[in-house]
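Trainee: next comes the sequence, and after it the predicted model I'd like to discuss.
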Amino acid sequence: MKLSLFLSKNSVNLNIDNHRKYNMKVFAFAGSNSSTSINKQLVKFVLKSFSDHEINLIDLNDYNMPIFSVDLEKNGFPEEAHRFLDNIAESDFIICSLAENNRSYSAAFKNVFDWASRINVKVFQDKPMLLMTTSPGGYGGGNVMAEALKFFPQFGAIIKESFSLPKFYENFDLNNGIINPEHLSTLNEKIDNFKKQLS
Ligand SMILES: Cc1cc2nc3c(=O)[nH]c(=O)nc-3n(C[C@H](O)[C@H](O)[C@H](O)COP(=O)(O)O)c2cc1C
């Protein structure tokens with residue numbers, strides 16, 4: 001099957017039609033290493049709107065590296081950091097949703113980000129990005145969203161659209177995705193706008 005041969009254990013190629021010609025390549029991830037990540041659930045839901053594209057959804061658990069240190073980097077960079085950057089290089093655009101821990105990035109994402117940034121400070125390599133966050137609280141990861149909106153562009157992200165889903169467990173259903181009509185309508189509008197901005 002296309003792609004699956006080199007995908008690592010937790011990553012998924014959501015496309016199942018081997019013979020289909022896809023439009024573009026999307027690199028997708030949740031900024032979380034939780035096996036029950038709500039951000040990954042949101043990313044998967046959104047990816048259903050991109051089924052005409054080749055999807056590479058990774059799991060940060062496959063990018064498990066020692067905690068970044070200037071001492072360790074003297075010995076070189078982990079293969080995972082290069083692989084994270086290679087995924088981005090091979091993609092046409094990025095869809096991600098960041099978990100908020102203590103008002104900021106999760107440690108799992110920050111570590112990948114730190115390692116990758118030491119190889120290429122333009123981590124996101126000028127790719128268009130649909131940036132999302134969600135959390136169980138009413139702010140929907142608004143703090144990590146604000147941080148990423150402010151700083152991701154300095155690392156090469158071209159953020160075209162952003163979306164935060166508050167109160168995940170009230171507004172999202174595992175089978176049906178977003179069940180709140182207003183949030184769903186807002187998200188769909190943003191997805192449409194994002195698609196229009198992809199060249
Ligand atoms: C250490 C820790 C800190 C957290 N801090 C925040 C926070 O600052 N803001 C917030 O909205 N949720 C916070 N949460 C709750 C997370 O949003 C929640 O665990 C969510 O499920 C994380 O996303 P994930 O499931 O994709 O990993 C925190 C959770 C943990 C474990």
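Mentor: Happy to help now that I have it.

Trainee: export the lengthiest helix in the chain as CSV, just CAs?
Mentor: Using DSSP state H to define each element, the chain has its longest helix at helix 181-196. The C-alpha trace of helix 181-196 is given here as CSV (Å, rounded to 0.1, in the frame of the first residue of the first chain):
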residue,chain,number,x,y,z
PRO,A,181,-23.8,23.3,15.2
GLU,A,182,-22.2,26.7,15.7
HIS,A,183,-18.7,25.3,16.2
LEU,A,184,-19.2,23.0,13.3
SER,A,185,-20.3,25.8,11.0
THR,A,186,-17.4,27.9,12.1
LEU,A,187,-14.9,25.1,11.5
ASN,A,188,-16.4,24.2,8.1
GLU,A,189,-16.1,27.9,7.0
LYS,A,190,-12.5,27.9,8.1
ILE,A,191,-11.8,24.7,6.2
ASP,A,192,-13.4,26.1,3.1
ASN,A,193,-11.3,29.3,3.4
PHE,A,194,-8.2,27.3,4.0
LYS,A,195,-8.8,25.1,0.9
LYS,A,196,-9.3,28.3,-1.2
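
Trainee: buried residues, it. List them.
Mentor: For helix 181-196, the buried set under the neighbour-count rule, 16 or more other C-beta atoms under 10 Å, comprises 183-184, 187, 190-191, 194-195. Every C-beta, even on glycine, is put in place using the N, C-alpha and C of the backbone.

Trainee: what's the burial count for Asn143?
Mentor: Neighbour count for Asn143, taken as other C-beta atoms under 10 Å: 17.

Trainee: try Ser49
Mentor: 16.

Trainee: contacts only, for the spatially closest residue to it that is not a sequence neighbour.
Mentor: Using C-beta to C-beta, 6 or more residues apart in numbering and skipping the chain neighbours, the partner closest in space to Ser49 is Ile191 (5.1 Å). Ile191 makes contacts with 46, 49, 130, 161, as judged by C-beta atoms under 8 Å, 6 or more residues apart in numbering.

Trainee: let's see which of the residues you listed end up in helices.
Mentor: If you go by DSSP H, those have Val46 in helices.

Trainee: and the two most separated of the contacts of Ile191?
Mentor: Across the contacts of Ile191, the longest distance by C-beta to C-beta is 12.1 Å; it joins Ser49 and Glu161.
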